[in-house]
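# got a sequence here, can you build the structure:
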Amino acid sequence: RMKYSFFAAMTEEVQFEYTTQPPMVTLTAWGAEKLGLDEIIMDPLKNPAVRGVMDPKDLKKLMKKLRRATPEQPLAQQDCVVTCGKERRWFRVVVRAMWSAESNPQFTGCIGKAMDIHDSRMMLNDLERKASHDPLTGLYNHAHAKTIIQQRMDDRPDSQFALVMIDLDHFKGANDTYGHQFGDQVLTYLSERLRQSIRGSDIAVRVGGDEFLIFLEYKRKLEPIIQRIFNALCGQVDEFPLSVSMGISRVSGADICYEDLFR
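I've put the predicted structure just below:
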């Protein structure tokens, strides 16, 4: 017990054992303190305290993977958000399934550990976001948008889509008259108005410079949707009048590839 507690504290891992008969989880002392749980938990899948620490959906996913394990391939892994005190952090749970020693082995439980990967996960998420988003506006960049738009059309070949190109009018005049810092302010303002005018399922993109793009799915009339977005984007930033020019291509998902639609 002292040895396992020492190693758990040194590595900052939550180590545990799960048995099916009886259904029970045993945690090391350090792990129990870290998660705010008892060292021995009966019927953990139905225990409210366990559900308060780990999302039941993640718990079910882990158990499903565990049940699919075999004596030849006994390992399973699940990344999930775990509540430690008042903080929610990403953990990687790695388990090794165990079986009885009979000729027809039966699943008896597992041993495992949960490692805090929150900082590395956040760093990876940040790198992925920087690679896929425009740094000034926070919208998708064009390179990443091509991929997700094509995937959307491939996944929904019977749907109706519209690709909307948006060009900010007289933007060069804003830069020449008020300076590039003000020009960036105009682009940021337009991006926020664009974000507020579309639905959560729509894709908003900064193509480059003062050009933007929206990809959306529609079922009824498209023109009222476009008119609403157009009206939302027109206005004024300080003394600069904000107006846009828009062009729309309509297509069924199976009819055309993204490059042709964009052209």
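# sec struct for the residue positioned nearest the centre of the chain, please.
Centroid-nearest residue in the chain: Asn125, 8.5 Å away (criterion: Cα atoms, centre = their mean). At Asn125, secondary structure determined by DSSP: H, G, I helix; E, B strand; the rest coil is helix.
# quick one: strands adjacent to the longest strand seen in the chain?
The single longest strand within the chain, with elements called by DSSP state E, is strand 87-99. Strand 87-99 pairs in its sheet with strand 75-84 (antiparallel), strand 107-116 (antiparallel), by DSSP bridges.
# starting at the chain centroid, how far to the first one?
On the basis of Cα atoms, centre = their mean, to the nearest Å, strand 75-84 sits 16 Å off its chain's mean C-alpha point.
# again with stretch 237-248
32 Å.
# switch to numbering from 847
In the new numbering, first residue 847, that becomes stretch 1083-1094.
# straight-line length of that stretch, end to end?
25 Å (Cα to Cα, to the nearest Å).
# so for the longest strand of the chain, what gets flagged as buried?
Neighbour counts over strand 933-945 (16 or more other Cβ atoms under 10 Å) mark 936-939, 941, 943-944 as buried. C-beta here means a position set from N, CA and C on the backbone, and glycine is covered the same way.
# what comes into contact with that strand?
Strand 933-945 has contacts (Cβ atoms under 8 Å, 6 or more residues apart in numbering) with 860, 864, 908, 912, 915-917, 920-928, 951-964, 967-968.
# list the helices and strands the helix or strand Asp1022 falls within packs on?
Asp1022 belongs to helix 1017-1024 when assigned by DSSP states H and E. Applying 3 or more Cβ pairs under 8 Å, 6 or more residues apart in numbering; DSSP states H and E, one finds that helix 1017-1024 contacts helix 1026-1043, strand 1086-1088.
# let's go with 6 Å and repeat that
Packing partners of helix 1017-1024 (3 or more Cβ pairs under 6 Å, 6 or more residues apart in numbering; DSSP states H and E): helix 1026-1043.
# sorry, back to before: weed out the non-buried ones from the contacts of strand 933-945.
860, 864, 908, 912, 915, 922, 924, 926, 928, 955-962, 964, 967.
# and Glu1063, what does it touch?
Neighbouring residues of Glu1063 by Cβ atoms under 6 Å, 6 or more residues apart in numbering: 1005, 1007.
# mind doing that once more with 10 Å?
Contacts of Glu1063 were listed using Cβ atoms under 10 Å, 6 or more residues apart in numbering, and they are 998-999, 1002, 1005-1008, 1045, 1047-1049, 1099.
# same check on Thr872?
Here Thr872 is in contact with 861-865, 878, 884-887, 890, 955, 957 (Cβ under 10 Å, 6+ apart).
# look up phi and psi at Ala1008.
Here is the backbone geometry of Ala1008 (degrees, to the nearest 10): phi -130, psi 140.
# give me the neighbour count for it.
Ala1008 has 18 neighbouring residues, counting by other Cβ atoms under 10 Å.
# that one and Gly1054, how far apart?
21 Å (Cβ to Cβ, to the nearest Å).
# try Met969
Met969 is 27 Å from Gly1054, by Cβ to Cβ.
# picking up where we left off before, will you turn the contacts of Glu1063 into CSV that also has distance to Met848, pLDDT and secondary structure?
CSV is the format used below for those (distance: Cβ to Cβ, whole Å; pLDDT from 0 to 100; DSSP: H, G, I helix; E, B strand; the rest coil):
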residue, distance to Met848, pLDDT, secondary structure
Arg998, 56, 90, helix
Met999, 60, 90, helix
Arg1002, 58, 88, coil
Ser1005, 61, 90, coil
Gln1006, 66, 91, strand
Phe1007, 63, 93, strand
Ala1008, 66, 93, strand
Arg1045, 57, 89, coil
Ser1047, 55, 90, coil
Asp1048, 58, 93, coil
Ile1049, 56, 95, strand
Gly1099, 62, 66, coil
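# quick one, which of those are buried?
Judged by 16+ other Cβ under 10 Å, buried ones among the contacts of Glu1063: 998-999, 1006-1008, 1048-1049, 1099.
# contacts for stretch 1042-1049?
Counting by Cβ under 10 Å, 6+ apart, 985-986, 990-991, 994-995, 998, 1008-1010, 1040-1041, 1050, 1059-1064, 1071, 1074-1079 sit against stretch 1042-1049.
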